[in-house]
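> model this:
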Amino acid sequence: MNHPKQLNLDVKLDGAIKLENFIICPSTEIILRASKEFISGSNTTRTFFLWGREGTGKNYLLHSINREFLEKKLHSAFISFSHGPLDSPSVFDGLEKLDVIFIESMEQFPSVTEWELALFNLINACLLSESRILISSKVTAKELEIKLPDLKSRLLAFPAFELPEITEEEKFMAMKEAADRKGLMFEDNVLSYILTHTSRKLSDLLSLLNELDNYSLEKQRKVSISLVKDLISNK
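Residues are numbered from 1 along each chain as shown. Below is the predicted model of the structure:
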């Protein structure tokens, strides 16, 4: 198959991206259970619609699920609309021959006839084969701007799971666990300051931890509230 550059087959993943490292807390219990059922290959969970607000961890979850398939020596395709339109709907041609297909940022999917028909045909082909398909979006399937009724119906039939915004306490624990995994030393008061004085998005909070670690090495200073303030003021 000759695919445009936006299609990643058996994409190489960051070693830190693992399902076991995803935030485990009461808010994510249902989505993690559903993810594991999808990975297991149950006939009842061969389709999966994941939705949630920006910054809740959808991208991380998709890539960590993909890792599980790749570690089983299965073949996947990862298609993202997060950076705008792709070259051609032919990107979907023949993908049902793979083990699993990931489609990211469905809210930016082009709602034109050629694309909608191509996706509808792919979903039908996947349902007839052993292939699985996971779609992520910032909005529910019902809210997608899909004009083709048959495609809309297909997407609404996908088991849908929301990745919710986790609580402030859960964000604190997530940052603490992420820092511990990387061997980073962050005092609780520093984490509390970050949580109350920076972005509310978990993805931004976790990225800031890495920035702080690098900044502290660069400045040869211990991570502290003062260092956090300096980093934020220089961004």
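
> Which residue ranges of this protein form strands?
Using DSSP state E, the strands of the chain run over residues 7-9, 47-51, 76-80, 100-104, 132-137, 160-162.

> now those strands as TSV including distance to residue 17?
Placement of C-beta: from N, CA and C, glycine included. TSV is the format used below for the strands of the chain (distance: least, Cβ to Cβ, whole Å):
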stretch	distance to residue 17
strand 7-9	14
strand 47-51	16
strand 76-80	12
strand 100-104	13
strand 132-137	15
strand 160-162	19
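
> Same list (the ones you listed) but as CSV, adding distance to residue 29, mean pLDDT and mean neighbour count.
Listed next are the strands of the chain as CSV, based on distance: least, Cβ to Cβ, whole Å; pLDDT from 0 to 100; neighbours: other Cβ atoms under 10 Å:
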stretch, distance to residue 29, mean pLDDT, mean neighbour count
strand 7-9, 30, 47, 15
strand 47-51, 15, 96, 23
strand 76-80, 25, 94, 22
strand 100-104, 22, 97, 22
strand 132-137, 19, 97, 24
strand 160-162, 11, 94, 17
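
> Spatially central residue for the chain, please.
With distances taken as Cα atoms, centre = their mean, residue 59 lies nearest the centre of the chain, 1.8 Å away.

> Tell me the spacing between the closest residue to that residue other than its chain neighbours and residue 150.
Of all residues not flanking residue 59 in the chain, residue 104 sits nearest, at 6.8 Å (Cβ to Cβ, 6 or more residues apart in numbering). Taking Cβ to Cβ, to the nearest Å as the measure, residue 104 falls 23 Å from residue 150.

> Counting by contacts, list what the lengthiest helix in the chain packs against.
In the chain, taking DSSP state H as the definition, the longest helix is helix 202-219. On a contact count with 3 or more Cβ pairs under 8 Å, 6 or more residues apart in numbering; DSSP states H and E, helix 202-219 meets helix 168-181, helix 188-197, helix 225-234.

> export the ones you listed to a markdown table and tack on mean pLDDT, distance to residue 37 and mean neighbour count?
Formatted as a markdown table, the helices and strands packed on helix 202-219 follow (pLDDT from 0 to 100; distance: least, Cβ to Cβ, whole Å; neighbours: other Cβ atoms under 10 Å):
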| stretch | mean pLDDT | distance to residue 37 | mean neighbour count |
| --- | --- | --- | --- |
| helix 168-181 | 86 | 23 | 16 |
| helix 188-197 | 92 | 32 | 15 |
| helix 225-234 | 91 | 40 | 14 |
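
> Could I get those in TSV, plus columns for distance to residue 27?
Putting the helices and strands packed on helix 202-219 into TSV (distance: least, Cβ to Cβ, whole Å) gives the following:
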stretch	distance to residue 27
helix 168-181	6
helix 188-197	16
helix 225-234	26
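
> Nearest to residue 211 among these would be which one?
Closest approach to residue 211 among those (Cβ to Cβ): helix 225-234, 6.4 Å.

> contacts for that closest one?
Residues outside helix 225-234 that contact it (Cβ atoms under 8 Å, 6 or more residues apart in numbering) are 189-190, 193-194, 197-198, 208, 211-212, 215-216, 219, 221.
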